[in-house]
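Student: Just need the structure, nothing else, for what follows:
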Amino acid sequence: MSDAGNITRQPATWRIVLAAILDFFTIFWASGFLVASIFGGRTDGGFALDGWPALLCFALIVAYFVVFNKFLGGTIWKRILKAKRTDR
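Tutor: Below is the predicted model:
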């Protein structure tokens, strides 16, 4: 028998790239404001982090991508844009 019935279409590359960019900006702003609110790094124009709060923000960004991709089936923007690859 042929495997033609099992072939699934992969998402377009632009969807994958756009999802990654939007995910990064989303988690950067969310974790940045969260950490800045807790550690007092809020400014009139947003937030400014340095030292340990900046490292914590970076760790939250990495954790977002790892947890969502590995355990929750894809990040928020991958789900919205239907950009999840199925060949992995």
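Student: Now do the same for Asp50: helix, strand or coil?
Tutor: Asp50 falls in the coil class when you classify it by DSSP: H, G, I helix; E, B strand; the rest coil.
Student: Look up phi and psi at it.
Tutor: phi -150, psi 160 (degrees, to the nearest 10).
Student: need the contact list for it.
Tutor: Applying Cβ atoms under 8 Å, 6 or more residues apart in numbering to Asp50 gives the contacts Gly41. All C-beta atoms are positioned from the backbone trio N, CA, C, and that covers glycine.
Student: how close does it sit to Phe58?
Tutor: 12 Å (Cβ to Cβ, to the nearest Å).
Student: so what's the residue nearest the centre of the chain up against?
Tutor: Nearest residue to the geometric centre of the chain (Cα atoms, centre = their mean): Asp23, 3.5 Å. Residues near Asp23 by Cβ under 8 Å, 6+ apart: Tyr64, Phe65, Thr75, Ile76, Trp77, Lys78.
Student: Next: Lys78.
Tutor: Ile16, Ala19, Asp23, Asn69, Lys84.
Student: Using JSON lines, lay out those residues together with secondary structure.
Tutor: Putting the contacts of Lys78 into JSON lines (three-state DSSP) gives the following:
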{"residue": "Ile16", "secondary structure": "helix"}
{"residue": "Ala19", "secondary structure": "helix"}
{"residue": "Asp23", "secondary structure": "helix"}
{"residue": "Asn69", "secondary structure": "helix"}
{"residue": "Lys84", "secondary structure": "coil"}
